[in-house]
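A.B. asks: fold the following for me, if possible:
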Amino acid sequence: MAIVQPAFAVFLVSSALAGLGLAAGPMEPSSAAPAVVTAVESDPAKEAAADPSHANDPHSAEADDRLNRANQHLTFGRQLYFKGDLEGARREFDAAVNSLLNAPENLPDHRRIERRLDEIADLIYRFDVEKLGAGESVDAVVFDQAPIDVISHMTFPVDQSLAPKVDREVKDTASGIPLELSDPVLAYIHYFSTDAGRNTLLSGFRRGGRYKPMIQRILKEEGVPQELIYLAQAESGFLPRAVSYKSAAGMWQFIAGTGQLYSLSRTASYDERFDPERATRAAARHLKDLHQRYGDWYLALAAYNCGAGNVDRAVERTGYADYWQLLKLHALPKETANYVPIIVAMTIMAKNPQDYGLEAIGEDDPLSYEDVALKAPTNVSLIADAAQQPVSFIRDLNPALLGNVAPEGYQVHLPKGSGQSTLAAIESVPAANRNAWRLHHVTAGETLDAIAKEYHTRPASILAVNDGADALDAGDVLLIPAVYHEPPKHVQTRRTSTRRRTASARSRQAHGIAKTASGDPSPRVLHRRAAVRTASSRG
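C.D. replies: Take a look at the predicted model:
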């Protein structure tokens with residue numbers, strides 16, 4: 001196979017792909033990338049270490065075998081995909097899905113099968129629809145509606161029949177924040193036990209699995225109670241890009257001023273309030289400061305919601321430094337009056353899962369990534385090209401990025417184990433061109449004319465920066481010269497959906513996706529055409 005050598009920099013495909021387990025040679029499953037993206041051998045001990053909440057989950061030999069086979073097929077499929085063999089990739093993707101789809105439903109650890117099937121379905125869908133984002137990029141910023149905007153303004157009936165059970169739970173449950181029985185708490189436990197409330201609760205709990213180990217680690221490092229994780233559940237449902245009607249942002253719902261006080265940077269390119277790890281660190285420190293101020297966790301939580309000034313004034317007006325007394329005197333804003341009961345209700349239910357049917361939630365697997373500092377402004381699509389991941393996956397790992405170009409010095413999150421190989425691929429592109437240029441992986445039968453048309457450029461422009469591009473083989477990698485122009489910003493907010501498709505429904509869709517991996521994209525559009533101008537079109 002002829003490897004196209006870029007004229008500006010020698011792009012060594014084998015070394016650039018080694019960290020992803022995609023180098024030329026015998027195809028073996030990679031152990032470097034995270035489970036959500038790349039295949040790894042199923043290891044119950046490692047799964048439990050990565051997420052202690054699954055430590056006591058059952059494990060069967062048949063599930064381990066099926067997971068290992070699915071992971072191997074997925075790895076082989078990704079390798080074939082980037083070598084240009086789309087038909088071979090389709091077969092491997094089919095085999096990965098079938099390995100899990102045909103698993104007996106009576107396996108004691110069938111939830112492990114369902115979780116991995118969801119992950120594989122999602123990844124195949126991204127590859128199929130996005131085609132690695134070739135010639136396209138996202139020109140809209142999409143945020144999620146903060147769940148707290150909805151539930152904190154609602155009023156629910158109090159089910160007094162729950163009181164004896166909840167009273168017993170409060171007395172028997174160890175917690176770093178006080179758990180007290182009150183009518184508002186009972187009202188929210190009742191709501192979260194209804195179909196609508198339960199859906200809200202479960203979607204947050206499931207999504208929270210992605211971030212739980214990271215949040216638990218940071219809360220421990222900062223010396224604050226682990227139960228504060230339910231503040232993030234209440235605020236955002238663990239949606240990193242949640243935005244409230246008051247312009248609070250991120251998983252921990254920081255307003256701009258408070259975020260700045262806790263070193264969350266904001267620029268035209270990124271907003272660290274949307275970065276789960278950095279925002280968690282800031283929230284833990286802010287909550288610690290508030291607790292030191294009031295000596296009371298309920299007042300600290302109230303101040304987190306409405307500001308310390310409002311709580312201070314409420315205490316001064318009433319003479320009570322007690323949350324429940326302030327509630328009775330209507331001294332706090334309505335949303336703050338409901339805020340602490342929501343968190344207490346969630347904490348009681350989460351710590352007594354057997355009483356509320358929450359013992360088998362099926363949390364998402366934890367995200368695993370590493371940081372790499374960019375040495376020049378770099379287009380997100382180029383990062384995806386270099387990491388050999390769908391553009392949407394790179395965006396999901398980097399929710400703080402607001403535009404299509406990450407600035408120089410930005411610490412970009414990449415799949416665990418792929419940082420150095422991705423950086424090497426990015427640096428094959430001249431620094432001055434990384435905000436626009438792309439890396440294209442040649443597939444079988446592609447011509448230079450077709451590739452040039454795909455990226456809105458001329459064949460001569462591609463030939464000018466790639467030695468040997470006049471003779472292409474599947475698996476070759478080309479530099480694609482283009483000039484990027486920032487499109488007008490379109491900010492979209494989507495309502496938070498609490499619905500979750502069943503694993504079988506996702507599986508059926510995954511199977512359909514695998515069968516069309518080399519065909520036309522799904523009608524669902526994830527990206528719009530980027531505002532790009534080729535290097536040859538400059539006037």
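A.B. asks: residue furthest from the geometric center of the protein?
C.D. replies: Distance from the C-alpha centroid of the chain peaks at Gly319, with 44.6 Å (CA atoms, centre = their mean).
A.B. asks: roughly how far does Pro407 sit from Gly445?
C.D. replies: Distance, Pro407 to Gly445, by CB to CB, to the nearest Å: 38 Å. C-beta coordinates here come from the backbone N, C-alpha and C atoms, glycine included.
A.B. asks: give me the more crowded residue out of these two.
C.D. replies: Pro407 (16 against 10; other CB atoms under 10 Å).
A.B. asks: for the more buried one, give me its contacts.
C.D. replies: 267, 269-270, 374, 377 (CB atoms under 8 Å, 6 or more residues apart in numbering).
A.B. asks: change it to 7 Å
C.D. replies: Pro407 is in contact with 269, 377, counting by CB atoms under 7 Å, 6 or more residues apart in numbering.
A.B. asks: before we move on, what about the one 4 residues further on?
C.D. replies: Listed by CB under 7 Å, 6+ apart, the contact partners of Gln411 are 371, 373.
A.B. asks: for it, name its beta-bridge partners.
C.D. replies: Ala373 (DSSP bridges).
A.B. asks: buried residues in the strand or helix carrying Gly259?
C.D. replies: Using DSSP states H and E, Gly259 sits within helix 256-261. For helix 256-261, burial by neighbour count (16 or more other CB atoms under 10 Å) applies to 258-259.
A.B. asks: give me the mean pLDDT for the helix or strand just after it.
C.D. replies: Sequence-wise, the next helix or strand downstream of helix 256-261 (DSSP H and E) is helix 276-294. Per-residue pLDDT values over helix 276-294 give a mean of 98.
A.B. asks: packing partners of the following helix or strand past helix 276-294?
C.D. replies: Toward the C-terminus, helix 276-294 is succeeded by helix 297-306 as the next helix or strand (DSSP H and E). Applying 3 or more CB pairs under 7 Å, 6 or more residues apart in numbering; DSSP states H and E, one finds that helix 297-306 contacts helix 276-294, helix 308-318, helix 323-328, helix 334-351.
A.B. asks: for the spatially most central residue of the chain, give me its contacts.
C.D. replies: Nearest to the mean C-alpha position of the chain, counting by CA atoms, centre = their mean, stands Asp396 at 4.3 Å. Contact analysis of Asp396 by CB under 7 Å, 6+ apart lists nothing.
A.B. asks: and this protein, what are its domain boundaries?
C.D. replies: 5-139+368-496+505-529, 148-356 (automatic domain parsing).
A.B. asks: dump those to TSV, plus distance to Gly362.
C.D. replies: Formatted as TSV, these follow (distance: least, CB to CB, whole Å):
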stretch	distance to Gly362
domain 5-139+368-496+505-529	5
domain 148-356	6
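A.B. asks: still on that earlier bit, looking at the helices and strands packed on helix 297-306, which is buried most?
C.D. replies: Ranked by mean neighbour count, the helices and strands packed on helix 297-306 are led by helix 334-351 with a mean of 23 (mean count of other CB atoms under 10 Å).
A.B. asks: so where is the stretch 101-250 of the chain shaky, pLDDT-wise?
C.D. replies: 128-141, 153 (pLDDT under 70).
A.B. asks: how about the strands in it?
C.D. replies: 136-137, 140-145, 242-243 (DSSP state E, counting those that start in this stretch).
A.B. asks: stretch 256-268: end-to-end distance?
C.D. replies: 13 Å (CA to CA, to the nearest Å).
A.B. asks: and for that stretch, what's in contact with it?
C.D. replies: With CB under 7 Å, 6+ apart as the criterion, stretch 256-268 contacts 254, 272-273, 278-279, 282, 285-286.
A.B. asks: can you check stretch 276-283 too?
C.D. replies: Outside stretch 276-283, the residues touching it (CB under 7 Å, 6+ apart) are 211, 214-215, 218, 240, 250-252, 254, 259, 262-264, 272-273.
A.B. asks: go with 6 Å
C.D. replies: With contact meaning CB atoms under 6 Å, 6 or more residues apart in numbering, stretch 276-283 is reached by 211, 214-215, 218, 240, 250-252, 262, 264, 272-273.
A.B. asks: next: stretch 234-246.
C.D. replies: 143-144, 146-149, 204, 207-208, 211, 249, 251, 253, 274, 276, 342-343, 399.
A.B. asks: what residues sit buried inside that stretch?
C.D. replies: In stretch 234-246, counting by 16+ other CB under 10 Å, buried: 234-244.
A.B. asks: closest to Arg111 out of the residues you listed?
C.D. replies: Phe238 (19.1 Å; CB to CB).
A.B. asks: next one: that closest one from His59, what distance?
C.D. replies: Phe238 sits 26 Å away from His59, going by CB to CB.
A.B. asks: cool, Phe82 as well?
C.D. replies: 32 Å.
A.B. asks: higher neighbour count, the two?
C.D. replies: It is Phe82, of Phe82 and His59, that has more neighbours when counted by other CB under 10 Å, with 21 against 18.
A.B. asks: the more buried one and Ala387 touch, don't they?
C.D. replies: No: in this structure, Phe82 is not within contact of Ala387 by CB atoms under 6 Å, at 11.0 Å.
A.B. asks: what sits against Asp355?
C.D. replies: Asp355 touches nothing, counting by CB under 6 Å, 6+ apart.
A.B. asks: so Leu479 sits in a strand?
C.D. replies: Yes: assessed with DSSP: H, G, I helix; E, B strand; the rest coil, Leu479 lies in a strand.
A.B. asks: ok, back up a step: of all the contacts of stretch 276-283, which two lie farthest apart?
C.D. replies: Tyr211 and Tyr262 (18.1 Å).
A.B. asks: would you mark the buried spots in the helix or strand Ser421 falls within?
C.D. replies: Ser421 is part of helix 419-426, with elements assigned from DSSP H and E. Residues of helix 419-426 classed as buried by neighbour count (16+ other CB under 10 Å): 419, 421-426.
A.B. asks: which strands or helices does the helix or strand just after that helix pack on?
C.D. replies: Once the chain leaves helix 419-426, the next helix or strand it forms, by DSSP H and E, is strand 438-441. Identification of packing neighbours for strand 438-441 by 3 or more CB pairs under 6 Å, 6 or more residues apart in numbering; DSSP states H and E yields helix 380-387, strand 477-480.
A.B. asks: any idea of the mean pLDDT for strand 438-441?
C.D. replies: Mean pLDDT, taken over the full extent of strand 438-441, equals 93.
A.B. asks: also stretch 375-390?
C.D. replies: Mean predicted confidence for stretch 375-390 is 94.
A.B. asks: stretch 473-485 too?
C.D. replies: The model assigns stretch 473-485 a mean pLDDT of 84.
A.B. asks: neighbouring contacts of stretch 196-209?
C.D. replies: Outside stretch 196-209, the residues touching it (CB under 6 Å, 6+ apart) are 191-192, 233, 237-238, 361, 363-364, 498.
A.B. asks: of those residues, which pair is most distant in space?
C.D. replies: Tyr191 and Asp364 (23.8 Å).
A.B. asks: I'd assumed Ala300 was in contact with Leu290.
C.D. replies: Yes: using CB under 6 Å, Leu290 makes contact with Ala300 at a distance of 3.8 Å.
A.B. asks: where in the stretch 351-500 of the chain is pLDDT low?
C.D. replies: Short version for the stretch 351-500 of the chain, where the test is pLDDT under 70: 483-500.
A.B. asks: ok, Thr443 - contacts?
C.D. replies: 84, 86, 474.
A.B. asks: now the residues you listed as TSV including neighbour count, secondary structure and distance to Asp167?
C.D. replies: Shown next, in TSV, are those (neighbours: other CB atoms under 10 Å; DSSP: H, G, I helix; E, B strand; the rest coil; distance: CB to CB, whole Å):
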residue	neighbour count	secondary structure	distance to Asp167
Gly84	20	coil	65
Leu86	19	helix	61
Ala474	17	coil	68
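A.B. asks: and of those residues, the nearest to Pro104?
C.D. replies: Nearest member of the contacts of Thr443 to Pro104, counting by CB to CB, is Leu86, at 31.9 Å.
A.B. asks: that closest one and Thr447, how far apart?
C.D. replies: From Leu86 over to Thr447 (counting by CB to CB), the distance is 15 Å.
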